[in-house]
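fold the following for me, if possible:
(2 chains)
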Amino acid sequence: MRAVCWYGARDVRVARVPDPQILNRKDAIVKVTSTAICGSDLHLFNGVIPTMKPGDVLGHEFMGEVVEAGSGEGAVKRGDRVVVPFAIACGACWYCREGLTSLCDNSNPNAHMAEALYGFSASGLFGYSHLYGGYPGGQAEYVRVPFGDTGPVRVPASLSDAQVLFLSDILPTGYMAAENCRIRAGDVVAVWGSGPVGLLAMKSAYLLGAERVIAIDRWPVRLRLAESGAKAETLNYGETPDVVEELKQRTGGRGPDACIDAAGMEAHGTTVDALYDRAKQVVRLATDRSHALREAIQACRKGGTVSIPGVYGGFLDKFPMGAAFAKGLTLRMGQTHVHRYLRPLLEHIESGRLDASFVVSHRWPLSRAAEAYRMFNDKREDCTKVVLDPTA
Amino acid sequence: MTRNQSSDGRNALRVAGAVGLVTLAGAGYLAVQMASRRHRPAKRRPDMPTLAGGRGAHVERTVTILGSPADLYRIWRDLERLPELMSHLDSVAVRDPVRSRWTARGPAGIRVSWEAEIVADEPDRLIAWRSVGQSQVENAGSVTFTRAPGNRGTEVKVICTYAPPAGQVGSAIATFFRGNPDQEIREDLRRFKQLYEAGEVATSSAVPPRSGALAGSR
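Numbering: from 1, shown residues only, chains lettered A, B, ... in the order given. Model prediction:
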């Protein structure tokens, strides 16, 4: 089959690889009908996530049709149209029972690697390095889905791929980011990064009762999307030298009640600390750039919450612990527990309360994946989200 | 544990899982060849049987598994099922309630065997063993089952002591023991937990995990 494979920093190609096979009883093989490139795939593209190997199949946002299912009971059946969560979870361990599926104890075959780096291992992920299990991803014609009884959610034929595809990651990720803000009436939520996750966090924040949402970015197309698609106020940090002060002014001197870092470890920035981060990351003195996170911590009101859906992989430099402590902030973060949001969010989609399809800027055949990665990474052609079609 | 623990199809799996650990105990520990076989009953610490003369390297690993101590103990105690899980364990032949004969397979197909004796057996709580008699590896160890707080399951702790094959440098048996018993025990405990909780061992490789056949038989 054809699949999008990683060969090195800024080197992904569509290659021929062996078709996936059923390896465990609960496995399913899914014929992929739509798969998207995630902002976090760009961390892989740029080579800042360790333990990738040449030839690894990328992709963790995908959906399709079950063409083969293992013998396990309760699993999906051949012919089912499903969306698959990016985090792989067994559904049976203590974490899964608690609804913390991205922390599953049993789904990372390379748990020893994660334990060495992080002390413990979280769940396995599709197409996201060997540290997270080495599972081939879904930017391919077919994909093997472990724990078919736990992860895939059946979606009705009445909904299009575009409407439900993002249940796999960015919609629940944006939603959990907003939920982590513990929004109360009157709250102002500021969101760093108007990429797909940021945009969906903005929509979710309103859905959860936020009074105002402020989008912080510098890409005009993204700020326009925040305005038109998510009804957010915008703040262009390229034109506003002091984002913290600006946010203070816009919130009656209080600061946002909650701040969401939807940028993550490769945050852009124009300030001195951002340039410093960039330099250190380039020479591998630091693994993660955290300009957005620093700013979020600095800007957040006293006693507020900083929610971090953006991905971090290693070590941060100049983390403003003093500000976080002095203001009594709550920091909430982590990979999304996709499974617990699937059904509630599917209901929101069916009822029309939540539509994530507005984030898509490009629908291309899978064969153009390499070009798509470059375009998305360089933010050319007003690219916000690329959906690839392996059947085209 | 919230799941049905009754003896149903899951038992095979569980057993298999259990086996893994035990095996480890058996396999990782490998150790030593012979040495003297004067055992000292471990009266003060039934979970810590020792080798003669207090020799041997010591490995200790604990994992919390979402199950009851009674269920996990029962699976573990069924020694003859252990090889279904562990690829490096060929067989366990139970001779009587106390004695069993273990055969393991190492790198390059080297086989070693040892006779084990259960030196402590407290239902739902502890099993301890020690190699005796005609054994090519000398080892002693235990597995204990302790209820974890707040419905978190059972803390399963494996303690193993094994002595290196003195005077066997370069021998087949020395080769057999060149692995990393600590890592083996850790991975076997993980496998046991996965089989017990999830019903299968996670794999991302095209090569099925060692327990694949077993998982498939559930």
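
can I get stretch A:183-199 in CSV? Just the C-alpha atoms.
Extracted in CSV, the C-alpha atoms of stretch A:183-199 (Å, rounded to 0.1, in the frame of the first residue of the first chain):
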residue,chain,number,x,y,z
ILE,A,183,-14.7,28.1,32.7
ARG,A,184,-17.3,30.0,34.8
ALA,A,185,-19.7,32.7,33.8
GLY,A,186,-18.0,35.9,32.9
ASP,A,187,-14.6,34.3,32.2
VAL,A,188,-12.3,35.7,29.6
VAL,A,189,-10.2,33.0,27.8
ALA,A,190,-7.1,33.9,25.9
VAL,A,191,-5.7,31.4,23.4
TRP,A,192,-2.2,31.4,22.0
GLY,A,193,-2.1,29.9,18.6
SER,A,194,-5.0,30.1,16.1
GLY,A,195,-4.1,26.8,14.4
PRO,A,196,-6.8,24.1,14.3
VAL,A,197,-6.5,23.1,18.0
GLY,A,198,-6.6,26.8,19.1
LEU,A,199,-9.6,27.5,16.9
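
what residues sit buried inside that stretch?
A:183, A:187-199 (16 or more other C-beta atoms under 10 Å in any protein chain shown). C-beta here means a position set from N, CA and C on the backbone, and glycine is covered the same way.

same deal with stretch A:312-328?
Going by neighbour count (16+ other C-beta under 10 Å), the buried part of stretch A:312-328 is A:312, A:313, A:316, A:317, A:320, A:324, A:327.

what is the nearest of those to residue A:58?
When those are compared for distance to residue A:58 (C-beta to C-beta), residue A:313 comes out closest, at 15.9 Å.

may I have the phi/psi pair for that closest one?
Torsion angles at residue A:313 (phi, psi; degrees, to the nearest 10) stand at phi -120, psi -20.

surely it touches residue A:51?
No: applying C-beta atoms under 8 Å, one finds residue A:313 not in contact with residue A:51, separated by 10.1 Å.

which of the buried residues of stretch A:183-199 fall in helices?
A:196, A:197, A:198, A:199 (DSSP state H).

want to throw the residues you listed into TSV with pLDDT and distance to residue A:271?
Converted to TSV, those look like this (pLDDT from 0 to 100; distance: C-beta to C-beta, whole Å):
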residue	pLDDT	distance to residue A:271
A:196	96	25
A:197	96	22
A:198	97	19
A:199	97	24
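
nearest to chain B, of these?
Lowest distance from chain B to those (C-beta to the nearest C-beta) belongs to residue A:197, with 25.3 Å.

in contact with the spatially most central residue of chain A, which residues?
Chain A has residue A:170 as the residue nearest its centroid, 5.0 Å off, counting by C-alpha atoms, centre = their mean. Shown in contact with residue A:170 (C-beta atoms under 8 Å, 6 or more residues apart in numbering or on different chains): A:36, A:38, A:61, A:196, A:197, A:200, A:356, A:359.

got it, and residue A:46?
A:9, A:10, A:266, A:377.

check contacts around the first one.
Listed by C-beta under 8 Å, 6+ apart, the contact partners of residue A:9 are A:45, A:46, A:47.

okay, it: pLDDT?
pLDDT, residue A:9: 95.

again with residue A:316
So, for residue A:316, pLDDT stands at 82.

right, and it touches residue A:291 too?
No: between residue A:316 and residue A:291 there is no contact under C-beta under 8 Å: 10.4 Å.

where exactly do the strands run in chain B?
B:57-65, B:89-94, B:99-105, B:111-122, B:126-132, B:139-147, B:154-162 (DSSP state E).

and the contacts of residue A:9 as CSV, adding secondary structure and pLDDT?
Converted to CSV, these look like this (DSSP: H, G, I helix; E, B strand; the rest coil; pLDDT from 0 to 100):
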residue, secondary structure, pLDDT
A:45, helix, 96
A:46, coil, 93
A:47, coil, 91
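
tell me the one of these nearest residue A:76?
residue A:45 (30.5 Å).

wait, that closest one sits on residue A:373?
Yes: the pair residue A:45 / residue A:373 is scored as a contact, 5.2 Å apart, by C-beta under 8 Å.

got any ranges where chain A has weak pLDDT?
A:73, A:267, A:269-270, A:275-276, A:279-288 (pLDDT under 70).

chain B contacts on that one?
A:18, A:21, A:23-26, A:71-72, A:88, A:90-94, A:97, A:105-112, A:124, A:133-136, A:146-147 (C-beta under 8 Å from any C-beta of the partner chain).

pull out the buried members of the residues you listed.
Counted by 16+ other C-beta under 10 Å, the residues of chain A next to chain B give A:23-26, A:72, A:88, A:90-94, A:105-111, A:124, A:133-136, A:146-147 as buried.

how about stretch B:145-163 as PDB, C-alpha atoms only?
The C-alpha trace of stretch B:145-163 is given here as PDB (Å, rounded to 0.1, in the frame of the first residue of the first chain):
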ATOM      1  CA  PHE B 145       0.200 -10.100  46.300                       C
ATOM      2  CA  THR B 146      -0.900  -7.100  48.400                       C
ATOM      3  CA  ARG B 147      -4.200  -5.300  48.000                       C
ATOM      4  CA  ALA B 148      -3.500  -1.700  46.700                       C
ATOM      5  CA  PRO B 149      -5.400   1.200  48.300                       C
ATOM      6  CA  GLY B 150      -8.500   2.700  46.900                       C
ATOM      7  CA  ASN B 151      -9.600   0.000  44.500                       C
ATOM      8  CA  ARG B 152      -6.400   0.300  42.500                       C
ATOM      9  CA  GLY B 153      -6.000  -3.500  42.400                       C
ATOM     10  CA  THR B 154      -3.100  -5.600  43.700                       C
ATOM     11  CA  GLU B 155       0.500  -4.800  44.200                       C
ATOM     12  CA  VAL B 156       2.400  -7.700  42.700                       C
ATOM     13  CA  LYS B 157       6.000  -7.800  43.900                       C
ATOM     14  CA  VAL B 158       8.600 -10.200  42.500                       C
ATOM     15  CA  ILE B 159      11.800 -10.700  44.400                       C
ATOM     16  CA  CYS B 160      14.500 -12.900  42.900                       C
ATOM     17  CA  THR B 161      18.000 -13.800  43.900                       C
ATOM     18  CA  TYR B 162      20.300 -15.700  41.500                       C
ATOM     19  CA  ALA B 163      23.900 -16.500  41.600                       C
END
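
now do the buried residues in it.
B:145, B:153, B:154, B:155, B:156, B:157, B:158, B:159, B:160, B:161, B:162, B:163.

can I get those in JSON lines with pLDDT and distance to chain A?
What follows is the buried residues of stretch B:145-163, written out as JSON lines (pLDDT from 0 to 100; distance: C-beta to the nearest C-beta, whole Å):
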{"residue": "B:145", "pLDDT": "97", "distance to chain A": "16"}
{"residue": "B:153", "pLDDT": "97", "distance to chain A": "7"}
{"residue": "B:154", "pLDDT": "98", "distance to chain A": "11"}
{"residue": "B:155", "pLDDT": "97", "distance to chain A": "12"}
{"residue": "B:156", "pLDDT": "95", "distance to chain A": "13"}
{"residue": "B:157", "pLDDT": "94", "distance to chain A": "17"}
{"residue": "B:158", "pLDDT": "90", "distance to chain A": "17"}
{"residue": "B:159", "pLDDT": "91", "distance to chain A": "20"}
{"residue": "B:160", "pLDDT": "85", "distance to chain A": "18"}
{"residue": "B:161", "pLDDT": "84", "distance to chain A": "23"}
{"residue": "B:162", "pLDDT": "78", "distance to chain A": "21"}
{"residue": "B:163", "pLDDT": "72", "distance to chain A": "26"}
